[in-house]
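Undergrad: coords please:
(one chain, ligands or ions: 1)
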Amino acid sequence: MARSISYISGSQLLSLKRRPNIAVIDVRDDERSYDGHITGSLHYPSDSFTDKISDLIQEVRGKDTLVFHCALSQVRGPTCAKRLANYLDEVKEDTGINSIFVLERGFKGWEASGKPVCRCTDVPFFSGIHWSSISPSS
Ligand SMILES: [Zn+2]
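TA: Presented below is the predicted three-dimensional model:
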């Protein structure tokens, strides 16, 4: 069963973000460190995305909706979303992921429309893991 990927607007994402079962995946590369990011988004840079895809699936366990974005969501965002959808089709494992979206106009559009931007510093040596997902006891 091929999963379809749809676009979602920034306003739609903002209202969806109140649900606990959604994960936002930022596939920008270095820009994330100086341009800020969407609060709580996970960082899976497009250049290493394919290698990290099983880590990503582990990290989003329990989420049923994934929203991908890059700077403009024209190339990297949709490409990574498609890679994930293809991967899910291949493994045929029940990951619980049933909706895959791409954020329209990407991070730039999000920021330009005045949506909240987080500028916390991700832990640099845990690339791909947002600080808030690291439990203090580990
Ligand atoms: Zn942050």
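
Undergrad: where in the protein is pLDDT low?
TA: Along the chain, the model assigns pLDDT under 70 to residues 1-2, 122-138.

Undergrad: for it, what lies in contact range of the ion?
TA: Counting by CB under 5 Å from the ion, the residues of the chain close to the ion are Cys118, Cys120. For the C-beta atoms, the positions are set from N, CA and C on the backbone; glycine is no exception.

Undergrad: all strands of the chain, in order?
TA: 5-8, 22-26, 42-43, 65-69, 99-103 (DSSP state E).

Undergrad: of these, flag the one that's most buried.
TA: Of those, the one with the most neighbours on average (mean count of other CB atoms under 10 Å) is strand 65-69, at a mean of 26.

Undergrad: next, the angle from that strand to strand 22-26.
TA: Angle of strand 65-69 versus strand 22-26, following axes from the mean of the first three to the mean of the last three CA atoms, to 10 degrees, is 20 degrees.

Undergrad: from here on, count from 318
TA: Right, with 318 as the first residue, what we last looked at is strand 382-386.

Undergrad: so what does strand 382-386 touch, helix or strand wise?
TA: If you count contacts as 3 or more CB pairs under 8 Å, 6 or more residues apart in numbering; DSSP states H and E, strand 382-386 packs onto helix 327-333, strand 339-343, helix 393-408, strand 416-420, helix 423-429.

Undergrad: what residue is smack in the middle of this structure?
TA: Ile342 (0.7 Å; CA atoms, centre = their mean).

Undergrad: who's that residue bridged to?
TA: Leu359, Phe385 (DSSP bridges).

Undergrad: how far away is it from Arg320?
TA: To Arg320, Ile342 is 15 Å away according to CB to CB, to the nearest Å.

Undergrad: just the buried positions in stretch 323-334, please.
TA: Neighbour counts over stretch 323-334 (16 or more other CB atoms under 10 Å) mark Ile325, Gly327, Leu330, Leu333, Lys334 as buried.

Undergrad: good, wrapping up.
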